[in-house]
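[1] give me coordinates for this.
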Amino acid sequence: MDAPRFAALLRDWRQTSPDAPLYGRLAAAFRGAIESGSLRPAEQLPAERHLAALLGVSRSTVVAAYDDLALGEWVTRRRGSGTHVGAAAPRRAEVLTLRTPAAVAQTADELDFTIAVPLLTERHRAEMLAAAAHSFSESLYYPLGLPDLRALLAERYTQGGLPTTPEQVIVTSGAQQAIALVTATFLQRGDTALLETPTYFGAIDVFRAAGAELVGVPVGAEGVRPDDFHRLLEQHRPRLTFLTPTFQNPTGAVLSAAGRQQVAQSVADLRCPTIEDDTLAELDFGLEPPPRLAAFAPDAPIINVGSLTKLYWAGLRVGWMRVPHEWHSVLVQAKTLADFGGSLPTQHIALSLLQDLPRLKAERRAEVQPARDLLAALLREQLPDWTFRQPQGGQYLWVELPTLRASSFTYYAARYGVRLFPGASMGVGDIPDSFLRLPFTLAPAHLPEAVARLRAAWQDFSSRSGQERLA
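    The predicted structure follows:
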């Protein structure tokens with residue numbers, strides 16, 4: 001069974017038809033997945049025992065749900081061959097089961113560890129309103145972004161050791177749009193893409209949607225091993241590569257200057273278009289990371305992607321990419337075809353904020369570093385058998401649990417009011433189902449309660465591990 005996939009597909013199954021018995025809710029969740037196209041005709045569903053273990057319910061609950069689906073001809077069941085989606089079941093166009101956590105309505109008492117976003121204060125709101133006031137003086141399209149913003153970003157790249165002209169900067173609606181535009185430009189169905197493993201779920205989803213075959217290069221304590229990266233580049237000749245050398249998402253690893261030199265040289269030698277994700281690069285805790293990967297090989301086909309989402313506010317939706325000259329025309333075309341330009345108010349806000357970048361970094365560090373330290377201390381005290389390295393930047397703890405059923409544990413945690421994201425969903429290829437990505441962006445006042453709930457859920461999970469859960 002593909003546990004990460006079904007953990008994502010059935011993430012909120014208990015909230016489906018809340019007045020129904022458990023088996024009815026599970027059946028309703030499967031009907032929704034079949035109708036949406038997430039499950040295809042004739043696709044095999046998980047074995048009853050495996051699905052029961054994942055969801056933390058009794059096998060009889062799964063059997064009853066499958067029987068209910070079979071009565072409506074949503075599935076077919078045959079002894080010896082398992083349960084399959086019915087060929088005549090109603091459906092729409094095929095859609096992916098996204099790794100990206102879905103935004104769902106939360107109860108007032110629920111604590112969410114699935115998405116990492118900065119907390120917005122009244123001062124932030126006033127600051128943005130004042131900056132946006134300058135945006136209403138003109139009525140023009142800027143498909144590539146506000147000229148003054150592009151010039152400022154080019155200056156920032158140049159100051160960071162990567163000479164850049166304003167023409168090389170394209171402003172996007174967040175970093176995710178930049179990744180999607182590059183992917184649409186370089187990947188076709190059947191192509192190979194090389195990504196770190198584990199890595200950012202948004203990149204995994206975009207590459208999968210393009211129909212690419214994904215190959216993973218493992219991330220260790222110091223990032224990817226340059227020799228592994230070069231070997232996989234030569235072996236698979238990917239059409240596109242995705243790397244996060246600085247405060248890697250989710251491990252927090254930082255690739256050394258020597259490692260960056262080697263990786264950049266491999267990209268330059270083999271001419272493989274590469275996305276360097278810089279979205280977390282400004283979130284250091286006082287230890288300045290090495291220069292960007294692209295700075296070690298300015299002529300390499302490396303496309304840098306940045307954003308204000310992690311540094312300031314997710315709702316701003318201002319990102320950008322710095323493109324090498326050889327790919328300038330094709331990426332300008334991609335952005336122009338996608339839209340006629342992003343929101344001018346948000347770009348004026350971004351321009352104002354980036355003019356005071358040192359202050360933004362200092363304020364963000366003052367918010368996040370104490371939260372990191374508090375979360376780490378609480379986990380070490382209350383869940384000492386969970387292990388992790390304390391990162392020097394970014395916004396995540398990559399936590400290893402002493403189980404191969406971390407995806408199943410997320411369901412137990414949900415019953416205690418904590419939403420979790422299984423780390424295996426961030427893997428390219430097989431990684432052990434033993435990890436959780438815990439952002440330390442939750443309000444510090446909520447962290448003691450969140451960890452107390454995790455401890456209670458873990459005790460419940462551990463006591464029932466290997467046993468059938470009563471419905």
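[2] quick check: which element contains residue 83?
    strand 82-85 (DSSP states H and E).
[3] what mean pLDDT does that strand get?
    Averaging pLDDT along strand 82-85 gives 94.
[4] what does it rub up against?
    34, 39-45, 47-48, 66, 69-70, 74-77 (Cβ atoms under 8 Å, 6 or more residues apart in numbering). Backbone N, C-alpha and C define where each C-beta goes, glycine included.
[5] please redo it, this time with the cut-off set to 10 Å
    30, 33-34, 39-48, 51, 62-63, 65-67, 69-70, 74-78, 91 (Cβ atoms under 10 Å, 6 or more residues apart in numbering).
[6] show me which residues of that strand are buried.
    Applying a neighbour-count criterion of 16 or more other Cβ atoms under 10 Å, one finds 83, 84, 85 buried in strand 82-85.
[7] and the first one, how far is that from residue 50?
    Here residue 83 is placed at a distance of 11 Å from residue 50 (Cβ to Cβ, to the nearest Å).
[8] what touches both of those two?
    residue 62.
[9] which residues does residue 444 contact?
    With Cβ under 10 Å, 6+ apart, residue 444 has these contacts: 119, 367, 368, 370, 371, 372, 373, 374, 375.
[10] quick revisit: which of the contacts of strand 82-85 fall in helices?
    Among these, the ones falling in helices (DSSP state H) are 30, 33, 34, 48, 51, 62, 63, 65, 66, 67, 69, 70.
[11] mind putting those in TSV, pLDDT, neighbour count and distance to residue 353 included?
    Listed next are those as TSV, based on pLDDT from 0 to 100; neighbours: other Cβ atoms under 10 Å; distance: Cβ to Cβ, whole Å:
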residue	pLDDT	neighbour count	distance to residue 353
30	95	26	45
33	91	20	41
34	91	23	45
48	94	18	53
51	95	23	47
62	96	27	50
63	96	17	56
65	96	28	50
66	96	23	53
67	95	14	57
69	95	25	51
70	94	15	56
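[12] make JSON lines out of the residues you listed and add distance to residue 264.
    Putting the ones in helices among the contacts of strand 82-85 into JSON lines (distance: Cβ to Cβ, whole Å) gives the following:
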{"residue": "30", "distance to residue 264": "47"}
{"residue": "33", "distance to residue 264": "42"}
{"residue": "34", "distance to residue 264": "46"}
{"residue": "48", "distance to residue 264": "50"}
{"residue": "51", "distance to residue 264": "45"}
{"residue": "62", "distance to residue 264": "50"}
{"residue": "63", "distance to residue 264": "55"}
{"residue": "65", "distance to residue 264": "52"}
{"residue": "66", "distance to residue 264": "52"}
{"residue": "67", "distance to residue 264": "57"}
{"residue": "69", "distance to residue 264": "52"}
{"residue": "70", "distance to residue 264": "56"}
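[13] so which of those residues would you say is closest to residue 123?
    residue 33 (43.1 Å; Cβ to Cβ).
[14] that closest one contacts residue 6, doesn't it?
    Yes - between residue 33 and residue 6 there is a contact under Cβ atoms under 10 Å: 9.4 Å.
[15] confidence score at residue 364?
    At residue 364, the model reports a pLDDT of 90.
[16] scratch that, residue 14 is what I was asking about
    Looking at residue 14, its pLDDT stands at 89.
[17] quick check: residue 261 vs residue 228, distance?
    Using Cβ to Cβ, one obtains 16 Å as the distance from residue 261 to residue 228.
[18] got it, and residue 154?
    For residue 154, the distance to residue 228 - Cβ to Cβ - is 33 Å.
[19] before we move on, what about residue 25?
    44 Å.
[20] could you check which of the two is surrounded by more residues?
    The residue with more neighbours, out of residue 25 and residue 228, is residue 25; 21 against 13, by other Cβ atoms under 10 Å.
[21] quick one: the more buried one and residue 62 touch, right?
    No - counting by Cβ under 10 Å, residue 25 sits too far from residue 62 to count as a contact (11.8 Å).
[22] which neighbours do these two share?
    Shared contacts of residue 25 and residue 62, defined by Cβ under 10 Å, 6+ apart, are absent.
[23] all strands for the stretch 251-400 of the chain, in order.
    Using DSSP state E, counting those that start in this stretch, the strands of the stretch 251-400 of the chain run over residues 274-277, 302-307, 319-322, 396-400.
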